[in-house]
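Colleague: Sequence plus the predicted model coming up.
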Amino acid sequence: MAAEARRGYAKGRAKRGEILDQAMALFGEAGYRGASLRVIATRCGISHPGLLHHFPTKESLLLAVLEHRDEVDGEWLGLGGATGVQRLGGFAALAELNATRRGIVELFCVVSAEATSADHPAHAYFVRRYARSVSDAERAYAQAREEGTLRDGVDPALAGAQLIALMDGLQVQWLLSDGATDMAGVLRAHLQGQLTVRL
């Protein structure tokens, strides 16, 4: 009985993962407001009620997709203990990873723009995420300054906000150029100009 329960649990987790992947793709294609739960369910080969068993609302599905993206990025970067220059390099590495995931980049660009509206279900998520991202970048610059690897005149607070803005702008350029923009290369050049050591 226990083995059967484990199989059922594993099957449920696999289906949940498939729903997240299909929702990520459709939110990227159509935006949050244009995406339909029924279409996502059809893509996953399940009924609409079957999808609602995993995610009772469209809002809960969107937030799960966004959190899943953050978890995947965090695991891939593995930067828990990195500081300073190493952490700054991680931002360029993330851009390199994103160049292999057009659907995720589309999702982020479309939904983050939609979420500027205060009544959007992901508004609070993006407010928190941007505050955290800018703070993380600022901390990395401050650590680089403490390590003696940051050029004179580079203010960590301004540089952190600029780095996140540059990353977002590059993602839009990359999408519009059909992948021709070298997001990681531009970021590395920008960061290298602020450092006294090789990135």
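Modeller: Cool, the structure landed.

Colleague: mean confidence for stretch 189-198?
Modeller: Regarding stretch 189-198, the rounded mean pLDDT is 97.

Colleague: Centre of the chain to that stretch, how far?
Modeller: Its chain's average C-alpha position is 24 Å from that of stretch 189-198, according to Cα atoms, centre = their mean, to the nearest Å.

Colleague: Check stretch 16-23 too.
Modeller: 16 Å.

Colleague: got the CA coordinates for that stretch in PDB?
Modeller: Extracted in PDB, the C-alpha atoms of stretch 16-23 (Å, rounded to 0.1, in the frame of the first residue of the first chain):
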ATOM      1  CA  ARG A  16       2.200  19.200 -11.500                       C
ATOM      2  CA  GLY A  17       5.600  19.700 -13.100                       C
ATOM      3  CA  GLU A  18       4.100  19.300 -16.600                       C
ATOM      4  CA  ILE A  19       1.400  21.800 -15.700                       C
ATOM      5  CA  LEU A  20       4.000  24.300 -14.600                       C
ATOM      6  CA  ASP A  21       6.000  23.800 -17.800                       C
ATOM      7  CA  GLN A  22       2.900  24.200 -20.000                       C
ATOM      8  CA  ALA A  23       1.700  27.200 -18.100                       C
END
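
Colleague: ok, residue 43 to residue 106 distance?
Modeller: Computed as Cβ to Cβ, to the nearest Å, the residue 43 to residue 106 distance reads 16 Å. C-beta coordinates here come from the backbone N, C-alpha and C atoms, glycine included.

Colleague: typo on my end, it should be residue 124
Modeller: 22 Å.

Colleague: Between residue 43 and residue 106, tell me which one has more neighbours.
Modeller: A direct count of neighbours by other Cβ atoms under 10 Å for residue 43 and residue 106 places residue 106 higher, at 19 against 16.

Colleague: which ones are touching that one?
Modeller: Contacts for residue 106 (Cβ atoms under 8 Å, 6 or more residues apart in numbering) come out as 28, 29, 175.

Colleague: What of residue 110?
Modeller: Counted by Cβ under 8 Å, 6+ apart, residue 110 has contacts 27, 28, 31, 32.

Colleague: my read: residue 184 touches residue 95, true?
Modeller: Yes. Judged on Cβ atoms under 8 Å, residue 184 makes contact with residue 95 at a distance of 4.3 Å.

Colleague: So for those two, which sits in the more crowded spot?
Modeller: Between residue 184 and residue 95, residue 95 has the larger neighbour count (other Cβ under 10 Å), namely 22 against 19.
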